[in-house]
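Undergrad: Next come a sequence and a model predicted from it.
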Amino acid sequence: MAERAKPDAFDVIVVGGGPGGEDVAGRLAEAGLHVAAVEGRLFGGECPYWGCIPSKMTVRAAELIAETRRVPGMAGDSTVSPDWSPVARRIRDEATDNWDDRAAVERLTAKGGHFVRGWGHVTGPDEITVRSAGDGVRVLRATRGIVLAIGSQPTIPPIEGLAGTPYWTNREALETEEVPGSLAVLGAGTIGAELAQAFARFGASVTMVESADRILPAEEPETSELVAGAFRADGIGLRTGVRATRAAHDGERFTLHLNDGSTAEGERLLVATGRHSDLAALGVGAAGLDESARTIATDGRMRAGGKLWALGDVTGRGAFTHMSMYQADIVVKDILGEPVHEAEYHAVPRVTFTDPEIGSVGLTEAQARRQGLDVRTATGDLGSRGWIHRAEGFFKLVAADGVLVGATSAGPGGGEPLGMLTLAVHARIPVARLNEMIYAFPTFHRGIMGALAELSL
Ligand SMILES: Cc1cc2nc3c(=O)[nH]c(=O)nc-3n(C[C@H](O)[C@H](O)[C@H](O)COP(=O)(O)OP(=O)(O)OC[C@H]3O[C@@H](n4cnc5c(N)ncnc54)[C@H](O)[C@@H]3O)c2cc1C
Ligand SMILES: NC(=O)c1ccc[n+]([C@@H]2O[C@H](COP(=O)([O-])OP(=O)(O)OC[C@H]3O[C@@H](n4cnc5c(N)ncnc54)[C@H](O)[C@@H]3O)[C@@H](O)[C@H]2O)c1
């Protein structure tokens, strides 16, 4: 154990520089507070370097390939020769600066913030000890508060033989310079689904293994059915309701042994079986929090007790960049003593960027029923625009007590019509009032009108 260093005092210490942590540190520094931002990896976090941005660049490129395949019968002939190199180049050069965070760190320091590279540990109610490879140990003390924004990391299931093999998580998948000939994907949630379809469209032979009985099990069953059909059309093999019991890598190929006696193989294996935050490694017990918990509980102002605030994935309110940024705004205002609207979670929007794209908000039908609500549902198709585009998709509305409590918008750019559904759920606009609105013809969102009419019958 290195000698205990003399503490450096700050108004606020932010541990973890993901989208929310970066925002809080920058804004508090701009407001004149003495702020330290502690980051063990890259300042900006998962989203810009291994998450949202590079994955959506990949999805967009794959979508272009799929669009060319839709030309025959509608606009002539087309051929496309998929090439991964522009995708890898864009991720490396445009999105991540070759996984270099200098620009983000400089943005913070230009605002007067102090950047500390290293892994922070809570060593007291107002103290963070940072260990870094080069600089050893540094103790930071906070007079006003500590913001815990450590995000999440991939959860690797304890499958015999898996540890020690060169499997991919989202990080290796989005750093790859080449598309494997074949790819096995363990887990058909958001990460697995988005990346499986993208790699398939770039020519990989993809097999997905999902322990639930359908892909995207957190979404509506209609969503799973629609996306499964699109995946099969992309040539993706789907193995649902099965578990991997053993994994092997022979130097060239992975083999997953499944509990139905079959196997799934691939040159590469992407493990996308969820994410978790490690509170014990962070040492939150030193500040009186439960280290065995999965998430940090907060009140409406994101306060976790004492001088602690928490935000982002670690709060377990939805692992999305928009959630981290939403909570960051509350933290900044609360620390600065500004008026603040307490966090609400009844209208959390989420978009799975597959093709068809799935936007959803609030409760699924099953969640609403589990809450004992008097549920009514209705579905509608994409109307004239869907027919014109030869596109597949649907709207599903979940209502209770005359307002929408959840909705799904599936189709081309399904995350866009989601905007009006999010507003409806957020503001609890009566279904009767939504029925009085004018819906432009022929838009995709006009499809919502049909479902609303059905709800009102
Ligand atoms: C492949 C992929 C695609 C995604 N796509 C989307 C999308 O399209 N839209 C969307 O909204 N969300 C998406 N997400 C989720 C989104 O990236 C996360 O929800 C978001 O990044 C969480 O932000 P955060 O602020 O909680 O922290 P994170 O971004 O997780 O960052 C936390 C940071 O804290 C650092 N850290 C952790 N512990 C310590 C410590 N003890 N000391 C110092 N530093 C520490 C980590 O190194 C990390 O940089 C995606 C995620 C993945 C993996
Ligand atoms: N577009 C977006 O907003 C976006 C994109 C990617 C990730 N994210 C966020 O990151 C989170 C993590 O993504 P994820 O895809 O890793 O997790 P996830 O929870 O979305 O999906 C994990 C899937 O793996 C399955 N699974 C778990 N253990 C398994 C096992 N041993 N064998 C087979 N299947 C198994 C689960 O049933 C589930 O379907 C998401 O929940 C989301 O909040 C968001």
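TA: Looks like it arrived, so ask away. Ligands and ions are numbered 1, 2, ... in the order given.
Undergrad: Please count neighbours and contacts with C-alpha atoms only from this point.
TA: Will do.
Undergrad: Now stretch 216-230 - C-alpha only, CSV.
TA: Below are the C-alpha coordinates for stretch 216-230, written out as CSV (Å, rounded to 0.1, in the frame of the first residue of the first chain):
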residue,chain,number,x,y,z
LEU,A,216,-35.7,-8.2,-27.4
PRO,A,217,-37.6,-9.8,-24.5
ALA,A,218,-37.9,-6.5,-22.7
GLU,A,219,-40.0,-5.1,-25.5
GLU,A,220,-43.6,-5.9,-26.6
PRO,A,221,-44.0,-9.4,-28.1
GLU,A,222,-45.2,-7.8,-31.3
THR,A,223,-41.8,-6.1,-31.5
SER,A,224,-39.9,-9.3,-31.1
GLU,A,225,-41.9,-11.0,-33.8
LEU,A,226,-41.4,-8.1,-36.2
VAL,A,227,-37.7,-7.8,-35.6
ALA,A,228,-37.2,-11.6,-35.7
GLY,A,229,-38.8,-11.7,-39.2
ALA,A,230,-36.4,-8.9,-40.4
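Undergrad: tell me the domain boundaries of the protein?
TA: Domains of the chain are assigned by the TED database as 8-42+100-152+277-336, 155-274, 349-455.
Undergrad: could those domains go into a markdown table alongside mean pLDDT?
TA: A markdown table is the format used below for these (pLDDT from 0 to 100):
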| stretch | mean pLDDT |
| --- | --- |
| domain 8-42+100-152+277-336 | 97 |
| domain 155-274 | 98 |
| domain 349-455 | 97 |
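Undergrad: quick one: which of those is nearest ligand 1?
TA: The closest of those to ligand 1 is domain 8-42+100-152+277-336. By CA to the nearest ligand atom, the value is 3.2 Å.
Undergrad: who touches the residue minimising distance to the centre of the chain in this structure?
TA: Centroid-nearest residue in the chain, with CA atoms, centre = their mean: residue 320, separated by 4.3 Å. Applying CA atoms under 8 Å, 6 or more residues apart in numbering to residue 320 gives the contacts 312, 313, 350.
Undergrad: The helix or strand residue 60 falls within close to ligand 1?
TA: Following DSSP states H and E, one finds residue 60 within helix 52-68. Yes. Using CA under 6 Å from any ligand atom, helix 52-68 reaches ligand 1 at 52, 55.
Undergrad: circling back to that earlier point, so what does the residue nearest to the centre of the chain have for phi and psi?
TA: phi -140, psi 150 (degrees, to the nearest 10).
Undergrad: what about it, distance to ligand 2?
TA: Note on residue 320: its distance to ligand 2, by CA to the nearest ligand atom, to the nearest Å, is 5 Å.
Undergrad: Now do that residue against residue 224, distance only.
TA: For residue 320, the distance to residue 224 equals 20 Å [CA to CA, to the nearest Å].
Undergrad: Show me what from this protein comes close to ligand 1.
TA: Selection of the chain residues close to ligand 1 by CA under 6 Å from any ligand atom yields 15-21, 38-43, 45-47, 50-52, 55, 118-121, 149-152, 170, 191, 282, 312-313, 319-322, 324.
Undergrad: Give me the subset of these lying in helices.
TA: Among these, the subset assigned to helices under DSSP state H consists of 19-21, 46-47, 50, 52, 55, 170, 191, 282, 321-322, 324.
Undergrad: Tell me the one among those residues nearest to ligand 2.
TA: residue 191 (3.7 Å).
Undergrad: got a list of what the closest one touches?
TA: So residue 191 contacts 170, 272 (CA under 8 Å, 6+ apart).
Undergrad: Kindly report the residues of the stretch 251-400 of the chain close to ligand 2.
TA: Counting by CA under 6 Å from any ligand atom, the stretch 251-400 of the chain sits next to ligand 2 at 272, 273, 274, 275, 318, 319, 320, 350, 351, 352, 353.
Undergrad: Tell me the one of those residues nearest residue 197?
TA: Residue 197 lies nearest to residue 353 out of those, by CA to CA, at 9.8 Å.
Undergrad: tell me the phi and psi of the closest residue to that closest one other than its chain neighbours?
TA: Among residues not flanking residue 353 along the chain, residue 194 sits closest, at 6.0 Å (CA to CA, 6 or more residues apart in numbering). For residue 194, the backbone dihedrals (degrees, to the nearest 10) come out as phi -60, psi -50.
Undergrad: how about residue 194, what does it touch?
TA: 55, 59, 352, 353, 354.
Undergrad: most surrounded residue in these?
TA: Neighbour counts for those (other CA atoms under 10 Å) peak at residue 354, which has 28 neighbours.
Undergrad: on contacts alone, who are the packing partners of the lengthiest strand in the chain?
TA: Counting residues, the longest strand found in the chain (DSSP state E) is strand 136-148. Identification of packing neighbours for strand 136-148 by 3 or more CA pairs under 8 Å, 6 or more residues apart in numbering; DSSP states H and E yields strand 8-15, strand 127-132, strand 308-310.
Undergrad: Highest mean neighbour count out of the ones you listed?
TA: strand 308-310 (a mean of 25; mean count of other CA atoms under 10 Å).
Undergrad: Show me what that strand is in contact with.
TA: Residues from elsewhere that reach strand 308-310 (CA under 8 Å, 6+ apart): 125, 145, 146, 147, 148, 149, 296, 298, 302, 303, 304, 331.
Undergrad: coming back round to it: name the member of the residues of the stretch 251-400 of the chain next to ligand 2 that has the highest neighbour count.
TA: Going by other CA under 10 Å, residue 353 tops these with 26 neighbours.
Undergrad: Next, count neighbours for the residue lying closest to residue 82 once chain neighbours are set aside.
TA: In space, and not counting its chain neighbours, residue 82 is closest to residue 202: 5.6 Å by CA to CA, 6+ apart. Using other CA under 10 Å, residue 202 has 21 neighbouring residues.
Undergrad: Look up how far residue 180 lies from the residue lying closest to residue 192 once chain neighbours are set aside.
TA: Nearest residue to residue 192, sequence neighbours excluded (CA to CA, 6+ apart): residue 272, at 5.4 Å. Distance, residue 272 to residue 180, using CA to CA: 17 Å.
Undergrad: could you list every residue that touches residue 29?
TA: Here residue 29 is in contact with 35, 108, 111, 112, 113 (criterion: CA under 8 Å, 6+ apart).
Undergrad: That one: which element?
TA: Assigned by DSSP H and E, residue 29 belongs to helix 19-30.
Undergrad: between that helix and strand 136-148, how many degrees?
TA: 100 degrees (axes from the mean of the first three to the mean of the last three CA atoms, to 10 degrees).
Undergrad: how about the CA coordinates for helix 19-30, as CSV?
TA: Extracted C-alpha coordinates of helix 19-30, given in CSV (Å, rounded to 0.1, in the frame of the first residue of the first chain):
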residue,chain,number,x,y,z
PRO,A,19,-22.0,11.6,-20.7
GLY,A,20,-23.5,12.7,-17.3
GLY,A,21,-20.3,13.0,-15.3
GLU,A,22,-18.7,15.0,-18.1
ASP,A,23,-21.7,17.3,-18.2
VAL,A,24,-21.8,17.9,-14.5
ALA,A,25,-18.1,18.5,-14.1
GLY,A,26,-18.1,21.0,-17.0
ARG,A,27,-21.1,22.9,-16.0
LEU,A,28,-20.1,23.2,-12.3
ALA,A,29,-16.7,24.3,-13.3
GLU,A,30,-18.2,26.9,-15.6
